[in-house]
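**Q** sequence and computational prediction follow.
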Amino acid sequence: MPELVFFSGTMDCGKSTLALQIEHNRSSRGLQGMIYSRNDRAGRGKLSSRLGLVTEAVEAADDLDFYAHLIGHLSSGGRVDYVIVDEAQFLAPEQIDQLARVVDDLELDVFAFGITTDFRSKLFPGSQRLVELADRIEVLQVEALCWCGARATHNARTVDGRMVVEGAQVVVGDVVGDVDSPQAEVGYEVLCRRHHRRRQTSATARAAALSPDVLPVDGAK
Ligand SMILES: Nc1ncnc2c1ncn2[C@@H]1O[C@H](COP(=O)(O)OP(=O)(O)O)[C@@H](O)[C@H]1O
Ligand SMILES: Cc1cn([C@H]2C[C@H](O)[C@@H](COP(=O)(O)O)O2)c(=O)[nH]c1=O
């Protein structure tokens, strides 16, 4: 039975890499996929992974009707054996309904990849609809880690290293705050729930550790 599968996780947990692996494994066996993405960091019409792999994709703009697009492709003699959709959190709920119809009426597997919650830990509308409609939800097995070493479960947006909770839901960007990387002005950092609740990023934790309150005082015995 064809399925609508939602592969979800935090930013930087390997979703796009897995999408590219699924595409590679199927296409190398002669199957033909239709690949969609939206707002990929590499640009329009791309599906890219931080491991450096990238492939062409159809940009799933607001006005794209997945069902109609696939019907158009098939009726003009094209072949489609499966569908991959990256950055699915950015899709409108109606577009997720169209993907469910692709599974049920066109009998194609649809593999959708995306983050579940935004920087305020609220569901993206597209992810909410996927949770409601997917046959299966797969949480990625590669753990992204919080700076404290715990499993990262939440996405924080940072400005100069500080977590912010105001702003537009959609701001395309990359993770910062690795031990070696400089703090970009606006970026993202994955955190465990405890540190997301406390708004403690790697930069603010580092600053707190270096603050005079916790440094040994000269002459203190
Ligand atoms: N230099 C590197 N060496 C090995 N693995 C890396 C490197 N850079 C990134 N990765 C891996 O790539 C993952 C991010 O993959 P990506 O598919 O871009 O994530 P997502 O789509 O979930 O945001 C990281 O969690 C890490 O496992
Ligand atoms: C948390 C959050 C993220 N985004 C953006 C930032 C990136 O462009 C993508 C996630 O990409 P990834 O491949 O999973 O790393 O989403 C956003 O717009 N709003 C947010 O709240």
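**A** Perfect, thanks for sending it. Ligands and ions are numbered 1, 2, ... in the order given.
**Q** where does pLDDT dip in the protein?
**A** With pLDDT under 70 as the threshold, the chain has low-confidence stretches at 177-184, 212-221.
**Q** which residues in this protein form helices?
**A** 15-27, 66-75, 93-106, 125-133, 193-197, 202-210 (DSSP state H).
**Q** could I get those as CSV with mean neighbour count and distance to Val58?
**A** To be clear about C-beta, it is placed using only N, CA and C from the backbone, and glycine gets the same treatment. Output for the helices of the chain, formatted as CSV (neighbours: other C-beta atoms under 10 Å; distance: least, C-beta to C-beta, whole Å):
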stretch, mean neighbour count, distance to Val58
helix 15-27, 19, 13
helix 66-75, 15, 7
helix 93-106, 19, 12
helix 125-133, 20, 16
helix 193-197, 17, 34
helix 202-210, 14, 36
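**Q** to ligand 2, which of those helices lies closest?
**A** The closest approach between ligand 2 and any of these, judged by C-beta to the nearest ligand atom, belongs to helix 15-27 at 5.4 Å.
**Q** contact partners of the closest one?
**A** The contact list for helix 15-27, computed with C-beta atoms under 8 Å, 6 or more residues apart in numbering, reads 7-9, 33, 35, 40, 47-51, 53, 55, 81-82, 84, 86, 111, 113-115, 140.
**Q** that older thread, nearest approach to Thr153 belongs to which of the helices of the chain?
**A** Distance to Thr153, taken as C-beta to C-beta, is lowest for helix 193-197 among the helices of the chain, at 5.5 Å.
**Q** which strands and helices sit next to that closest one?
**A** If you count contacts as 3 or more C-beta pairs under 8 Å, 6 or more residues apart in numbering; DSSP states H and E, helix 193-197 packs onto strand 154-159.
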